[in-house]
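[1] Pasting the sequence and the predicted coordinates here, then a few questions.
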Amino acid sequence: MLRESSLEVSSQYRNRRVNERSRLIVEIYFAGTDATGVAHTRDISAGGLYMNTQHKLTEGDLIKIRIPLHAAPVTLDAQVAYSNPGHGVGLRFIGMSEENRAFLERELPAP
């Protein structure tokens, strides 16, 4: 069960989103300083995603993720923008090339 403070943070994070998220559940691979593993996305946009994971990742952590899409996998750098410990994290893509942004916009399902 989510704590009230988690719901407030979640709402604040959603309100900061720039891109509309598409519902997409796919297995992704991530590697960071303190955690490496496999997780599942819940939703994704060209600007970020939410992934379900029980790994402890905190706001500000930098990780590298690999997303297998239909055309080809894409590897991106991301920063934890929101953490819901024991459930998942919201990630913001950082330093993304225009080529990768265009690729995501083409490959992601419509919101």
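    It's in. Numbering: from 1, shown residues only.
[2] and Ala46, backbone torsions?
    phi -70, psi -10 (degrees, to the nearest 10).
[3] count of neighbours near it?
    21 (other Cβ atoms under 10 Å). C-beta: built from backbone N, CA, C; applies to glycine.
[4] So the nearest residue to it once chain neighbours are set aside, which state does it fall into?
    Distance criterion Cβ to Cβ, 6 or more residues apart in numbering; nearest residue to Ala46, sequence neighbours excluded, is Leu104 at 4.5 Å. Here Leu104 is recorded as helix under DSSP: H, G, I helix; E, B strand; the rest coil.
[5] For this structure, just list every one of the helices.
    4-16, 98-107 (DSSP state H).
[6] From Lys64, how far out is the residue nearest to Ala46?
    For Leu104, the distance to Lys64 equals 16 Å [Cβ to Cβ, to the nearest Å].
[7] more neighbours, these two?
    A direct count of neighbours by other Cβ under 10 Å for Leu104 and Lys64 places Leu104 higher, at 22 against 13.
[8] My read is that the more buried one contacts Val74, right?
    Yes. Here Leu104 reaches Val74: they are 6.9 Å apart, a contact under Cβ atoms under 8 Å.
[9] Now for the protein, the helix or strand with the poorest mean pLDDT.
    Counting by mean pLDDT, DSSP states H and E, the weakest-scoring helix or strand in the chain turns out to be helix 4-16, with a mean of 45.
[10] remind me, longest strand of the chain?
    In the chain, with assignment by DSSP state E, the single longest strand is strand 73-84.
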